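Chemist: predicted structure and sequence below. I'll ask about it afterward.
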Amino acid sequence: MITAENLTKRFGAHTAVDGISFEVRPGQVTGFLGPNGAGKSTTMRMVVGLDRPDTGSVTVNGLPFARHGAPITEIGALLDAKGVHPGRTAESHLRLLAATHGIGRARVDEVMELTGITSVARRRVGGFSLGMHQRLGIAATMLGDPHTLILDEPVNGLDPEGVHWVRGFVRSLAAEGRAIFLSSHLMSEMAQTADHIIVLGRGRILADAPVGDLLGGGDRERTRVRASDARELAILLAAEGVSIAHADGDTLEVEGVAASRIVRVAVGADIDVHELVPLRGSLEDAYLALTGDAVEYRSDPAAIAA
Ligand SMILES: Nc1ncnc2c1ncn2[C@@H]1O[C@H](COP(=O)(O)OP(=O)(O)OP(=O)(O)O)[C@@H](O)[C@H]1O
């Protein structure tokens with residue numbers, strides 16, 4: 001469990017993280033989403049004490065990271081998978097890390113097995129693919145069998161198989177009751193991996209909600225209906241306070257109401273429904289809508305076209 005309260009971090013005149021509060025709960029993958037420069041890495045670094053907040057505080061399982069006697073058993077963090085000496089083998093890297101924390105060789109073998117790197121244990125890390133680097137980094141975070149994991153962009157640059165593996169792995173860790181805090185700027189990836197999403201833009205929280213809510217449940221639900229008498233159906237729905245976003249011939253786009261209610265209204269008036277299509281917004285749409293004004297660097301389509 002991670003609890004952040006009013007965290008702020010400035011670099012000179014630039015405020016990288018601007019008074020954010022959030023929780024990363026056990027048994028869930030919490031996605032941390034935001035454009036480049038939004039402040040995700042800085043936030044994660046503050047959680048594990050690598051950056052000091054200017055204001056606010058953050059705790060891991062109730063205590064600031066530095067106050068844990070054996071932090072590696074509380075939280076595992078992968079902030080830079082490439083930060084391993086290239087001349088070392090995977091096994092020697094993990095054994096060294098384990099030894100500095102009083103962890104035995106048996107656990108090293110276990111985490112290598114868990115992350116599928118046993119067959120490359122004796123190879124030098126310098127020759128590893130990005131995917132193997134990520135697996136090794138994740139193996140290292142698991143050494144202390146921590147209840148909370150922080151992974152900064154773990155799928156960045158991975159091939160589809162690597163992405164699939166990371167996704168399955170973090171889901172299984174959450175299913176064991178661990179709290180997983182996962183950053184990415186890939187919204188499509190988050191839709192498939194996270195239970196809960198925190199969207200950051202220019203250091204501020206733009207959304208903090210279950211994935212389903214961001215995908216456009218509740219009020220933002222839209223349904224396309226094709227009916228034998230669309231005009232009459234539109235009048236009946238409008239009379240019930242339902243908003244009609246668009247009407248064209250025999251087709252309506254109805255907003256903010258469950259499809260089952262549309263059917264009930266139609267059936268009650270003897271109107272045949274030929275087609276009923278839920279138009280769920282993609283997470284990408286939701287993300288772009290949220291972060292549109294919060295992107296640090298944006299391309300100018302006119303300049304590209306020129
Ligand atoms: N050590 C530093 N010194 C000065 N500015 C920094 C430092 N670290 C980060 N920043 C700035 O703080 C802002 C947030 O950076 P951060 O790396 O946390 O963003 P991010 O969301 O992780 O982005 P990315 O996906 O590009 O890594 C950026 O504007 C960045 O340039």
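Modeler: Cool, got the structure.

Chemist: use CA for all of it now, contacts and neighbours both
Modeler: Noted.

Chemist: quick one: buried residues of the lengthiest helix in the chain?
Modeler: Identified as the longest helix of the chain according to DSSP state H is helix 160-175. Buried residues in helix 160-175, counting neighbours by 16 or more other Cα atoms under 10 Å, are found at 162-163, 165-167, 169-171, 173-174.

Chemist: equivalent analysis for stretch 184-191, please.
Modeler: For stretch 184-191, by 16+ other Cα under 10 Å, it's 184-187, 189-191.

Chemist: cool, stretch 238-245 as well?
Modeler: 242-244.

Chemist: before we move on, what about stretch 191-201?
Modeler: Going by neighbour count (16+ other Cα under 10 Å), the buried part of stretch 191-201 is 191, 193-201.

Chemist: on that earlier part again, will you turn the buried residues of helix 160-175 into TSV that also has distance to residue 252?
Modeler: Shown next, in TSV, are those (distance: Cα to Cα, whole Å):
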residue	distance to residue 252
162	42
163	39
165	42
166	41
167	38
169	42
170	41
171	39
173	44
174	41
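
Chemist: which part of the stretch 51-200 of the chain gets nearest to the ligand, residue-wise?
Modeler: Scanning the stretch 51-200 of the chain for the residue nearest the ligand gives residue 185, at 6.4 Å (criterion: Cα to the nearest ligand atom).

Chemist: ok, that residue touching residue 33?
Modeler: Yes. Using Cα atoms under 8 Å, residue 185 is in contact with residue 33, at 5.5 Å.

Chemist: which residues sit in contact with whichever residue of the stretch 201-306 of the chain sits closest to the ligand?
Modeler: The stretch 201-306 of the chain approaches the ligand most closely through residue 203 (7.1 Å), counting by Cα to the nearest ligand atom. Shown in contact with residue 203 (Cα atoms under 8 Å, 6 or more residues apart in numbering): 15-18, 20, 38-40.

Chemist: tell me the strands in the stretch 1-150 of the chain, going along the chain?
Modeler: For the stretch 1-150 of the chain, the strands defined by DSSP state E, counting those that start in this stretch occupy 2-11, 14-24, 28-33, 55-60, 75-78, 148-152.

Chemist: and the chain, what are its domains?
Modeler: As assigned by automatic domain parsing, the chain contains the domains 2-214, 218-278.

Chemist: how about these in a markdown table, adding mean pLDDT?
Modeler: As requested, those are arranged in a markdown table below (pLDDT from 0 to 100):
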| stretch | mean pLDDT |
| --- | --- |
| domain 2-214 | 92 |
| domain 218-278 | 87 |
